[in-house]
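In: Structure of the sequence below:
(2 chains)
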There are 2 protein chains.
Amino acid sequence: MTQSASPASLTTPLADLQINCDRLLHRIDQLAQIGAIAGGGVCRLALTDEDKAGRDLVVSWMQELGLTITIDQLGNVVGTRAGLVAGAPVMTGSHIDTVATGGRYDGNLGVLAGLEIIATLNEHHIQTQHPLAVAFFTNEEGARFHPDMMGSWAFSGGLSSDAALAEVGIDGTTVAAELTRIGYAGMVPCGSQPVKAFVEFHVEQGPVLEQAGVQIGAVTGVQGMSWQELTVTGVSNHAGTTPMSLRHDAGYGASAIAVAARELALSMGGNQVATVGAMQLKPGLVNVIAKEARMTVDLRNTDAALLRQAEAQLAEQIEAIAQKAGLNVTSRSLARFEPVTFDPVMVEQVVQTAQVLGYSAKRLPSGAGHDAGMIAAIAPTAMIFVPSVNGLSHNIKEYTAPEDLANGSNVLLQVLLQLAKPNSV
Amino acid sequence: MTQSASPASLTTPLADLQINCDRLLHRIDQLAQIGAIAGGGVCRLALTDEDKAGRDLVVSWMQELGLTITIDQLGNVVGTRAGLVAGAPVMTGSHIDTVATGGRYDGNLGVLAGLEIIATLNEHHIQTQHPLAVAFFTNEEGARFHPDMMGSWAFSGGLSSDAALAEVGIDGTTVAAELTRIGYAGMVPCGSQPVKAFVEFHVEQGPVLEQAGVQIGAVTGVQGMSWQELTVTGVSNHAGTTPMSLRHDAGYGASAIAVAARELALSMGGNQVATVGAMQLKPGLVNVIAKEARMTVDLRNTDAALLRQAEAQLAEQIEAIAQKAGLNVTSRSLARFEPVTFDPVMVEQVVQTAQVLGYSAKRLPSGAGHDAGMIAAIAPTAMIFVPSVNGLSHNIKEYTAPEDLANGSNVLLQVLLQLAKPNSV
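Out: Numbers count the residues shown, from 1 in each chain, chains lettered A, B, ... in the order given. Have a look, this model is predicted:
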């Protein structure tokens, strides 16, 4: 937890302004009805009928709040509240698509808290110097179409919209066809909308804040990520008749690599993590030594050099295991993102704002990818986290307490006001 | 290799008798045409149309050789050549069913070498005191119906024929229905046929003889076998946001168990082997910590006490891994057979016979299960192995050189003659 003096910018009458938590909860609940699944979860995969219904509901709220709506070529939706001066808006937002067994907070919270803030400002007749915008980006989850963070990546000019539109999903449809079908193939070119600053509010999706007993997370950046698929090749043979010394056991090799990956992360410490989430052995029979194992390795670190170090050290260990066990191992990169560092001034602003409002705060990196990680390429960016109960996310049991939702929304409100400069100050 | 003086029983004129290798090879080749698959392999699953065609061919050869044929309730076929005295026969044989991608030698060799010996004796008008029988047992492989060694297990009274007949196969059919369909539902009750002695000739299916450069294996017994399915339960969570110290990673737990199983076998030495042939992680995604892993562990040892020790030590290590990683592990026994020790006098007879015939010989245990391991419960039993090229079996590339087929057949011939006591001696 960071201890720091209150910033001068918060010693204002508007420091007492608060969002209406009941209204926020009501919107969260209404949106969660669309694609609701048993157990309290939500299935609203990008560009499906459910996504269309969710989009239509959020757009109707934007219209009720008087926002000016733009839709770009990839279906990214921005609702803008005019400022006293023209120019790039201070933007907040996130996404409303979910994974197949998702929760009701992931993404949705950031969009609906943005709308709640607009509603609060409207109610109190507060104008800002700079425009304020609430955005939701297409296909953040990547559960139906690759890659994840597709919309925000294209919005920030990093991904070609032509490539994204041509993407074929898990059900054989294309992004272009589905955008047209649901009526969200907009005209605004991707990469054409400037942003003055971006703040994303999100549930943590991990256990750090809860474990630390801290109310607000000031996100310092997004971990870099290296995904590999390894294919371990040995020789299939009889599990009874083949002495240990004569084996080329691909199942053993894969297991030894999985153990080495974990030990590597533990020995490096810091925020290095390593995960082997998938492993298949062939032929996969109880009494046959596996001739092949396919596995994935997910390495993440906030520091670009340490991530490269982890990749290099794991490669060395894989080579040593392969040599010793008489195996061949090939590697294919599935995805790789360099770490993103958020704007230090804005991160400090989140910490100080939280503390002035009386909430405990902690700086932490995000282990998950977020739209903010993409927008950081074109605008000063920060993120606000609130605790996830048991660290669960991408899970129908995802839950964040109403008090935490209100706390984070109020921090977001004050940070946005500082950035957009309310006229009444 | 055992060095020993020639036994008195081989200093006879019949010690020069040899089988006709070309005739044996021709029968092997003809049988391998039935159910032949690309690459030189064979698919003749138990009680299929292919198995029927294979059975019909072998039975026609038995008839040509003048054998009296009995078929029992489970379709085990015994062809008997009368001796000068009535009573239990000296028996050889094996099985002719194969796995889905099997070779042409596994099982088939033992049956066809038996027929070749009968042909050789007929040709030389050699009578024996005791009857000589060649048997092939139903469903040794267990690839279509559980358990493996079904026929010989029932033949020796260890498995109830009612239970075996009711068994439902991988395609939903029953043993009883398929036996009737292919015309091999015999009338002779299982467990009713006495055996004076049993010798099974088989390819090694492992690399030991080839690696040692030895021609004949005198099998000392069949390894005991313990098959377990383990279910490792952890907590699914985000691979990026969950610090290493807060994980309950079922994939890591399963991998650590697989590594521990191998290290246990290496540290115990001797003929202890340990194999993890199957492992599945759930949900099995690159960026999700696995909540569950299912895996199999196959432990084998020729010594009953050492096998129990291996089971106990692995259980301790599993418990330690589970404790340390915050996981739960449950175990279910899939199969368990105590080790079988073959008749020491007959094993010595195989070694000495091989040496008298000028072949190098080596005692070794069988890592695979065999019909002989079942018949050992009711009669003095031994097995003869010949080398498998590259130790391959249950593989279309299974291969044993013609010279080795002849060597083993000649050892079998002499051992059977010693047991059945030829009249001309």
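
In: so where's chain A uncertain?
Out: Flagging of chain A using pLDDT under 70 yields the residue ranges A:1-13, A:424-425.

In: From the centroid of it, which residue is nearest?
Out: Nearest residue to the geometric centre of chain A (C-alpha atoms, centre = their mean): residue A:370, 2.8 Å.

In: who's in contact with that one?
Out: A:94, A:140, A:149, A:200, A:202, A:222, A:383 (C-beta atoms under 8 Å, 6 or more residues apart in numbering or on different chains). Every residue, glycine included, has its C-beta placed from N, CA and C.

In: what kind of secondary structure is the last one in?
Out: Just to be clear, that refers to residue A:383. State at residue A:383, reduced to three classes by DSSP: H, G, I helix; E, B strand; the rest coil: strand.

In: bridging residues for it?
Out: residue A:200, residue A:219 (DSSP bridges).

In: That one: how many residues sit nearby?
Out: Residues lying near residue A:383 (other C-beta atoms under 10 Å in any protein chain shown) number 30.

In: Next, format the contacts of residue A:370 as CSV and append secondary structure.
Out: What follows is those, written out as CSV (three-state DSSP):
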residue, secondary structure
A:94, strand
A:140, coil
A:149, coil
A:200, strand
A:202, strand
A:222, strand
A:383, strand
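
In: For those residues, pick the one with the most neighbours.
Out: Top of the contacts of residue A:370 by neighbour count (other C-beta under 10 Å): residue A:200, with 33 neighbours.

In: So that one is in contact with residue A:111, correct?
Out: No. Counting by C-beta atoms under 8 Å, residue A:200 does not reach residue A:111; the two are 9.7 Å apart.

In: tell me which residues in stretch A:165-180 are buried?
Out: A:165, A:167, A:169, A:173-176, A:178-179 (16 or more other C-beta atoms under 10 Å in any protein chain shown).

In: Go ahead and name everything in contact with that stretch.
Out: A:47-48, A:73-75, A:138-139, A:144-146, A:150, A:164, A:185.

In: near chain B, from the residues you listed?
Out: The subset of those within reach of chain B, counting by C-beta under 8 Å from any C-beta of the partner chain, is empty.

In: From those, which land in helices?
Out: If you go by DSSP state H, the contacts of stretch A:165-180 have A:150, A:164 in helices.

In: Quickly name whichever of the contacts of stretch A:165-180 is closest to residue B:342.
Out: Of all those, residue A:146 has the smallest distance to residue B:342: 59.1 Å, by C-beta to C-beta.

In: Name the nearest residue to that closest one, sequence neighbours excluded.
Out: residue A:167 (6.3 Å; C-beta to C-beta, 6 or more residues apart in numbering or on different chains).

In: From chain B, how far off is the one you found?
Out: 18 Å (C-beta to the nearest C-beta, to the nearest Å).

In: same deal with residue A:199?
Out: Residue A:199 is 19 Å from chain B, by C-beta to the nearest C-beta.

In: OK, contacts around that residue?
Out: Contacts of residue A:199 by C-beta under 8 Å, 6+ apart are A:90-92, A:346, A:350, A:372, A:381-384, A:412, A:415-416, A:419.

In: wait, which of those is closest to residue A:43?
Out: residue A:372 (24.2 Å).

In: quick one: what helix or strand has the closest one in it?
Out: helix A:371-375 (DSSP states H and E).

In: likewise residue A:311?
Out: Short version, using DSSP H and E: residue A:311 is in helix A:304-325.

In: Convert the C-alpha atoms of stretch A:350-364 to CSV, please.
Out: As requested, C-alpha coordinates have been extracted for stretch A:350-364 and formatted as CSV (Å, rounded to 0.1, in the frame of the first residue of the first chain):
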residue,chain,number,x,y,z
VAL,A,350,-5.2,6.4,-9.1
VAL,A,351,-3.3,5.6,-5.9
GLN,A,352,-3.6,9.1,-4.5
THR,A,353,-7.3,9.5,-5.5
ALA,A,354,-8.1,6.1,-3.8
GLN,A,355,-6.4,7.2,-0.6
VAL,A,356,-8.0,10.6,-0.5
LEU,A,357,-11.4,8.8,-0.8
GLY,A,358,-10.3,6.7,2.2
TYR,A,359,-9.7,3.4,0.4
SER,A,360,-6.5,1.3,0.8
ALA,A,361,-4.6,1.1,-2.5
LYS,A,362,-1.9,-1.0,-4.0
ARG,A,363,0.2,-0.9,-7.2
LEU,A,364,0.1,-4.2,-9.1
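
In: Domain-wise, how is chain A divided?
Out: A:8-222+A:339-420, A:224-337 (automatic domain parsing).

In: and the closest residue to residue A:48 other than its chain neighbours, how far is that from residue A:241?
Out: In space, and not counting its chain neighbours, residue A:48 is closest to residue A:144: 7.3 Å by C-beta to C-beta, 6+ apart. Using C-beta to C-beta, to the nearest Å, residue A:144 is found at 47 Å from residue A:241.

In: and these two? which has more neighbours close in?
Out: Remark: of residue A:144 and residue A:241, residue A:241 carries more neighbours, 25 against 21, as counted by other C-beta under 10 Å.

In: Please report the distance of that one from chain B.
Out: 3 Å.

In: Surely that residue and residue B:392 touch.
Out: No. Using C-beta under 8 Å, residue A:241 makes no contact with residue B:392, being 10.3 Å away.

In: ok, back up a step: the contacts of residue A:370 into CSV, with extra columns for distance to residue B:210?
Out: Listed next are the contacts of residue A:370 as CSV, based on distance: C-beta to C-beta, whole Å:
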residue, distance to residue B:210
A:94, 63
A:140, 58
A:149, 55
A:200, 64
A:202, 61
A:222, 55
A:383, 63
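
In: Could I get the full set of strands for the stretch 201-350 of chain A?
Out: Ranges of strands in the stretch 201-350 of chain A, per DSSP state E, counting those that start in this stretch, are A:216-222, A:224-233, A:237-238, A:273-275, A:279-282, A:288-289, A:292-301, A:328-337, A:340-341.

In: between these, which gets nearest to residue B:106?
Out: strand A:237-238 (10.2 Å).

In: Pull up the pairing partners for the closest one, direction included.
Out: If you go by DSSP bridges, strand A:237-238 pairs up with strand A:288-289 (antiparallel).

In: where's the strand it pairs with relative to the chain centroid, distance-wise?
Out: Offset of strand A:288-289 from its chain centre (C-alpha atoms, centre = their mean, to the nearest Å): 41 Å.

In: now the helices for the stretch 51-200 of chain A?
Out: Under the criterion DSSP state H, counting those that start in this stretch, the stretch 51-200 of chain A contains helices at A:108-123, A:150-155, A:161-166, A:175-182.

In: Figure out which of the ones you listed is closest to residue A:301.
Out: Of all the helices of the stretch 51-200 of chain A, helix A:150-155 comes closest under C-beta to C-beta, at 20.8 Å.

In: which residues sit against the closest one?
Out: Against helix A:150-155 from outside (C-beta under 8 Å, 6+ apart): A:46, A:72-76, A:95, A:135, A:137-140, A:142, A:147, A:159-161, A:164, A:167, A:175, A:190-191, A:193, A:371-372, A:374-375.

In: Now that helix: buried residues?
Out: A:150-155.

In: do you know how far residue A:257 is from residue B:258?
Out: Taking C-beta to C-beta, one finds residue A:257 at 11 Å from residue B:258.

In: if we can go back for a sec, please enumerate the shared neighbours of residue A:200 and residue A:111.
Out: With C-beta under 8 Å, 6+ apart, residue A:200 and residue A:111 have common neighbours A:93-94.
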